[in-house]
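**Q** Everything below, folded, please.
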Amino acid sequence: MLTAKEIRESFKEFFRSKGHHIVPSAPMVIKDDPTLMFTNAGMNQFKDIILGNKAAKYQRVADSQKCLRVSGKHNDLEEVGMDTYHHTMFEMLGNWSFGDYFKKEAIDWAWEYLVDVLKLDPARLYATVFEGAPDEGLSRDDEAASYWEKHLPVSHIINGNKHDNFWEMGDTGPCGPCSEIHIDLRSDEERAEIDGASLVNKDNPLVIEIWNLVFMQFNRKADGSLEPLPAKVIDTGMGFERLCMALQGKKSNYDTDVFTPLIDRISQLSGKTYGKDKRVDIAMRVIADHVRTIAFSIADSQLPGNAKAGYVIRRILRRAVRYAYTFLDQKQAFMYKLVNTLIDSMGEAYPEIAAQREIIMKVIKEEEDSFLRTLDKGIAILDDAIKAAKANGKSEISGKEAFVLYDTYGFPLDLTELILKENGMTLDKKGFDVEMQAQKDRARNAAAVEATDWVVLRDGETEFVGYDETSATTHILRYRKVSQKNKTFYQIVLSVTPFYAEMGGQVGDSGWLICGEEKTEIYDTKRENGQAVHLTTKLPANVEAEFTAKINEANRRATECNHTATHLLHAALREVLGTHVEQKGSYVSPTMLRFDFSHFQKVTPEELRKAEHIANSNVRKAIPIYENRHMPIAEALDMGAMALFGEKYGEEVRVVKYGDSVELCGGTHVPNTGNIGMIRIVSESSIAAGIRRIEAVTAEVAENMVDHIADNMRNVAEMFHNAPDVLAALRKSIEENAELRKQAEEFFQERTRNVTREALEKAETVHGIKLASLNGVRIPDLVKGVAFGIRQMSPENTAFIAATVDMAGKPLLTVAFTDDLVKAGYNASTIVREAAKAIKGGGGGQPGFAQAGGKDKDGISQAFQTLRESI
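**A** Take a look at the predicted model:
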């Protein structure tokens with residue numbers, strides 16, 4: 001029986017023998033594509049080629065790609081673990097042709113690999129072909145069907161509808177018919193009873209799709225019409241886990257050696273046995289699936305967070321934690337203990353997870369601990385809601401309350417339902433669904449983007465000259481109108497551009513398109529599908545004119561200072577803290593830099609200062625840039641350049657070197673470190689377990705910061721009459737202030753005691769109750785102190801009322817009762833709320849003590865009378 005590792009390698013070797021170039025997996029987390037957060041298909045890393053924005057270096061490629069899906073066909077997160085063959089993270093084996101072979105070779109080679117190489121039973125295989133769509137003028141894919149007829153009986157070739165057998169990249173863009181290969185893994189008896197063809201695409205767990213062959217031959221335009229693609233593309237994707245299930249004779253992906261080591265470890269840690277309890281089995285499948293997703297995401301430098309990709313990862317992690325909590329009785333963090341097992345299984349194929357073992361484990365454990373605290377808090381809130389509902393004679397918790405628990409505190413709905421059931425209560429599920437749908441609608445509306453078709457003026461690709469030039473003569477290649485979040489703007493692609501498009505943490509350039517007297521502002525430059533897209537709120541009057549594209553040089557120079565400073569600080573931190581320091585993220589703009597790096601404890605002020613001094617020493621050395629824009633990656637790594645985890649590098653890379661700082665980087669930099677002038681670190685903090693963040697400023701911003709500090713120091717010195725030792729003078733002043741504050745506090749406490757005694761001495765008896773009172777202009781803290789002082793000095797049968805005004809003229813009502821009167825039914829909160837109407841205010845508190853403020857001090861006498869009458 002082939003192991004998972006052997007199956008993965010056999011696929012690569014087969015397509016290598018067919019002239020394919022084997023490429024490494026791209027990161028699972030996508031950083032520089034605004035249309036995607038995660039790699040959800042093998043084709044993602046080839047989008048630029050498929051869209052025609054980039055020439056293919058190799059016409060035939062193949063790989064094993066790590067992917068993540070949490071939505072779409074068969075990929076709702078809440079369903080993962082319920083069945084035996086769907087996952088969040090999965091591997092996709094794929095082969096591609098860019099303008100080379102097409103349907104015949106794709107089908108023949110798929111058959112050869114599955115039947116001749118892997119020895120799958122051909123009688124168990126079925127193929128689907130696109131049945132056509134007359135409304136779009138598309139006929140049945142008879143070409144694909146004819147190739148399949150060489151390998152399969154006609155009864156095993158099934159027509160598929162547009163939903164299943166016409167693949168589209170999105171609402172617009174490349175698309176085409178596809179042909180799915182399905183396998184029937186049922187027993188011979190079951191196959192004899194029910195024909196497998198009738199179960200294809202019917203969600204039978206043992207009659208499943210294993211390979212999809214996509215034949216991209218059309219382009220979908222914004223108006224919905226189709227046009228032929230100039231260069232046809234083959235894009236295939238085979239589910240690695242499903243293939244392992246078929247080859248290893250299993251009925252579940254989770255029974256293959258892809259997952260069994262993880263499930264065995266979960267069983268060992270939890271003391272539960274897989275296969276005996278349906279709920280336990282689901283929990284183990286959820287955890288085994290999700291820990292892979294989380295570990296690979298962290299390895300790609302995507303930490304759990306509260307927004308975008310980080311939120312998705314946190315949601316997946318918390319789903320796993322709550323299954324462990326509810327069904328495996330795991331009340332302490334335990335998922336991080338699975339990381340070593342995962343690395344043993346997959347570390348050879350994906351060395352990035354082995355290299356980052358420690359940080360993956362630390363981040364997962366911290367997130368587990370945090371969510372377990374959240375679960376405890378959620379349970380307490382739910383307990384209060386249950387008590388309140390029961391007190392009001394209700395047996396149902398509203399959907400809104402449950403949604404607040406779910407949305408604000410991350411408290412799982414199924415756990416809410418379980419706790420309610422244990423307490424003999426139910427949930428308004430319909431109300432919860434309404435709240436959930438409303439939130440989804442808000443998110444969908446916020447993310448909705450409408451774009452017209454590109455208006456193509458000229459053919460060609462953009463030439464970037466921004467490393468060397470700040471302006472360039474150019475033409476508009478294409479443009480389109482985009483509407484998003486009630487804003488309308490235009491995207492422009494230029495033939496030649498000096499504008500750097502946002503990438504690698506560096507913000508995009510701004511500037512102008514100039515034609516004669518007309519200046520069209522470019523407010524930002526983004527990278528979309530591999531091309532630089534210039535954003536503007538209006539188009540030039542003549543889009544076909546020749547333009548001068550000119551960047552905002554001041555912003556660019558400031559950004560370059562911050563980007564180069566990031567490299568210098570990276571090298572300095574590695575020198576001070578150790579070579580375990582690796583970049584985990586960055587942000588570089590004209591005003592500041594932010595640098596995230598791996599380190600497992602707070603960086604001390606002394607360490608920060610040392611790193612800052614090392615970086616500034618390299619600034620003063622005025623080191624010129626060494627740059628190689630086309631260096632083979634192996635050569636770059638040999639010279640000491642660091643390849644960052646989570647980044648996708650080609651065979652040739654750009655190397656940027658300043659002295660000992662050597663990095664693979666596509667950003668813009670200063671020609672000489674002396675241009676930076678100065679680097680000042682302004683903050684250091686933790687953003688996750690094992691991840692620290694520093695923020696710093698350079699050049700003019702750093703100069704202004706130093707000026708501001710100097711101005712403050714001068715002003716402080718003047719406050720102390722320019723004392724020779726300002727720190728000593730300040731320290732003396734603080735000590736004297738503390739002593740005076742202590743004396744004032746003692747005086748205030750004595751004053752409170754005196755007023756309390758006076759109030760008790762003047763107290764009257766009303767219906768057998770000692771009633772003390774206070775009026776006039778009083779400090780609120782004194783009134784409160786008197787109220788509690790009276791309760792202490794006269795602990796029985798005593799009431800206190802006060803109607804006072806503070807120094808600012810704001811009225812205040814205060815009521816206090818001793819504990820015996822509270823037990824007898826007196827309630828300070830009820831009484832003070834009623835009296836507060838006279839001062840146009842409100843308030844409340846506890847039965848033994850309550851206060852209310854108001855806006856109308858003229859009503860203070862009436863309020864006092866109301867308080868007295870209430871007693």
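**Q** Against which helices or strands is the helix or strand hosting Q743 packed?
**A** Per DSSP states H and E, Q743 falls inside helix 726-761. The elements that helix 726-761 packs onto, with contact taken as 3 or more C-beta pairs under 8 Å, 6 or more residues apart in numbering; DSSP states H and E, are helix 699-719, strand 769-777, helix 780-793. Quick note: C-beta positions are derived from backbone N, CA and C, even for glycine.
**Q** again, 10 Å this time
**A** helix 699-719, strand 769-777, helix 780-793, strand 798-805 (3 or more C-beta pairs under 10 Å, 6 or more residues apart in numbering; DSSP states H and E).
**Q** what's around K823, how many residues?
**A** 11 (other C-beta atoms under 10 Å).
**Q** What segments of the stretch 501-650 of the chain are strands?
**A** With DSSP state E, counting those that start in this stretch as the criterion, the stretch 501-650 of the chain has strands at 511-515, 518-522, 524-528, 531-536, 547-551, 583-588, 593-598, 626-632.
**Q** Let me know which of the ones you listed is the nearest to H563.
**A** strand 583-588 (4.5 Å; C-beta to C-beta).
**Q** The stretch 551-700 of the chain: helices as residue ranges?
**A** Using DSSP state H, counting those that start in this stretch, the helices of the stretch 551-700 of the chain run over residues 553-577, 605-620, 633-638, 699-719.
**Q** Would you mind finding the most buried of these?
**A** helix 553-577 (a mean of 23; mean count of other C-beta atoms under 10 Å).
**Q** Need the strands of the stretch 501-650 of the chain in TSV (columns: mean pLDDT, distance to R731 and mean neighbour count).
**A** Shown next, in TSV, are the strands of the stretch 501-650 of the chain (pLDDT from 0 to 100; distance: least, C-beta to C-beta, whole Å; neighbours: other C-beta atoms under 10 Å):
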stretch	mean pLDDT	distance to R731	mean neighbour count
strand 511-515	97	52	20
strand 518-522	97	53	17
strand 524-528	94	49	19
strand 531-536	95	54	22
strand 547-551	98	51	22
strand 583-588	93	38	21
strand 593-598	95	35	22
strand 626-632	94	50	14
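**Q** Make CSV from these and add distance to V339 to it.
**A** Shown next, in CSV, are the strands of the stretch 501-650 of the chain (distance: least, C-beta to C-beta, whole Å):
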stretch, distance to V339
strand 511-515, 47
strand 518-522, 46
strand 524-528, 33
strand 531-536, 38
strand 547-551, 45
strand 583-588, 17
strand 593-598, 16
strand 626-632, 33
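**Q** wait, which of those strands is closest to R833?
**A** strand 593-598 (49.9 Å).
**Q** Mind exporting the C-alpha coordinates of that closest one to CSV?
**A** The C-alpha trace of strand 593-598 is given here as CSV (Å, rounded to 0.1, in the frame of the first residue of the first chain):
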residue,chain,number,x,y,z
LEU,A,593,7.6,51.9,9.8
ARG,A,594,6.2,48.9,11.7
PHE,A,595,8.2,45.7,12.0
ASP,A,596,6.9,42.3,13.4
PHE,A,597,9.4,39.7,14.3
SER,A,598,9.7,36.4,16.2
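**Q** chain center to it, what's the gap?
**A** Once both centres are worked out by C-alpha atoms, centre = their mean, to the nearest Å, strand 593-598 turns out to sit 17 Å from its chain's centre.
**Q** Work out the sheet partners of whatever helix or strand P177 lives in and label each with its direction, please.
**A** Following DSSP H and E, one finds P177 within strand 173-184. Strand pairing for strand 173-184, determined by DSSP bridges: strand 125-130 (antiparallel), strand 166-168 (antiparallel), strand 207-220 (antiparallel).
**Q** Tell me which of those sits nearest to G508.
**A** Comparison of the strands paired with strand 173-184 against G508 by C-beta to C-beta identifies strand 207-220 as nearest, at 27.2 Å.
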